[in-house]
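>>> The sequence isn't on hand, but the structure is:
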């Protein structure tokens, strides 16, 4: 018996004859998928772009349209307005709070210049005044990056 006759009578030959169309279809689909994936990968490598990096400040900068005189006037006005509320909330006398150059909130660990737009947003009952940055740092507060450099 020759090799051709053996193959014709073998189980492999019978399997191929029964499932030939399905096997060719499955192999064709796999080859098309592999080629499509490779083409997409190569196209992606060709058009590779640099990563997008967003550099955004932690808080917005203070308004720059105000003059230095206006800042001083605003600081003294806000200091006089806040003296009574901070003295009540912290239990410290008004005389100690006359110089309110820096402002912090009880609910935060950051302090701001009293002219900063974020300092103006602190509720009076949560406002804490400091006469210097060293005083604020001693009490555990850190300077806000938007107005303290």
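Now that the structure is in, tell me what you want to look at. Since the structure is predicted, the reported quantities are computational estimates derived from the model, not experimental observations.

>>> Below-threshold pLDDT in this protein: ranges please.
Applying pLDDT under 70 to the chain flags the ranges 1-8, 56-98.

>>> mind listing the helices for it?
For the chain, the helices defined by DSSP state H occupy 3-9, 11-46, 68-90, 117-120, 133-138.

>>> Residue 115 and residue 101, how far apart?
Using Cβ to Cβ, to the nearest Å, residue 115 is found at 9 Å from residue 101. Heads up, the C-betas are built off the backbone N, CA and C, glycines and all.

>>> more neighbours, the two?
When residue 115 and residue 101 are compared for neighbours, residue 115 comes out ahead with 21 against 18, by other Cβ atoms under 10 Å.

>>> For that one, give me the backbone phi and psi.
Main-chain torsions, residue 115, degrees, to the nearest 10: phi -90, psi -10.

>>> separation between it and residue 102?
10 Å.

>>> just residue 139 next, same as before
Using Cβ to Cβ, we find residue 139 at a distance of 10 Å from residue 102.

>>> ditto for residue 39
62 Å.

>>> Please identify which of these two sits among more neighbours.
The neighbour count for residue 39 versus residue 102, taken as other Cβ under 10 Å, is higher for residue 102 (27 against 10).

>>> Is the more buried one in contact with residue 137, as I believe?
No: taking Cβ atoms under 8 Å as the definition, residue 102 is not a contact partner of residue 137, at 9.9 Å.

>>> Can you pull the domain assignment for the protein?
3-46, 68-143 (automatic domain parsing).
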